[in-house]
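Student: Structure, please.
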Amino acid sequence: MKNLKKQRRIQIILLAAAAMVASFGAFYYAAPNALQYFRSPTQVLAEHPSDAEVFRLGGLVEKGSLVRGAGATVTFRVTDNGASVPVSFTGVLPDLFGEGQGMVGTGHMQGGTFVASEILAKHDENYMPKEVIDALKAQGTYVDPKDRREGGANAAPASN
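Tutor: Predicted coordinates:
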């Protein structure tokens, strides 16, 4: 009788483990692009991703680089004040998108250009995506928006 209970317990544990592995496998198969990594322009240039890899690129829209082409195509450069990457996007940009503003784009590299399928822009004058702030702080070039407005002695790039 004890052997039967022990055998049933082992069967249930193995069945639960198999179900867990199957569910993780189904998730990975169904949503391969759900796990997108964030990269700064410096990271993109240092470790060039494959053309098939979908990832997020974030930084500041470089001033003077925004060019509106024919139709809904827009090109610009994204910078983290250490490097910049050209970006191409076809579609409608967010209302608050502009030069010198923070943005995060989802897409892939095509040649040396990041082809974005989605562009997210900041939603108020102080907001910047967390990933962009972290990348700028890692570069030692992050400036708090409050310091930028005041233009005081604290307007110099902050270091960690």
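Student: now stretch 50-64: how far from the chain's centre is it?
Tutor: 8 Å (C-alpha atoms, centre = their mean, to the nearest Å).
Student: go on, stretch 93-113?
Tutor: On the basis of C-alpha atoms, centre = their mean, stretch 93-113 sits 10 Å off its chain's mean C-alpha point.
Student: average pLDDT for it?
Tutor: Average pLDDT, stretch 93-113: 87.
Student: burial of the closest residue to Arg68 other than its chain neighbours, as a residue count?
Tutor: Excluding its sequence neighbours, the residue lying closest to Arg68 (C-beta to C-beta, 6 or more residues apart in numbering) is Val74, at 5.4 Å. Glycine gets a C-beta too; all of them are placed from N, C-alpha and C. When counting by other C-beta atoms under 10 Å, one arrives at 19 neighbours for Val74.
Student: Can you list the buried residues in the helix or strand Val74 falls within?
Tutor: Secondary structure assignment for Val74, by DSSP states H and E: strand 73-79. Along strand 73-79, these residues count as buried under the neighbour rule (16 or more other C-beta atoms under 10 Å): 74, 76-79.
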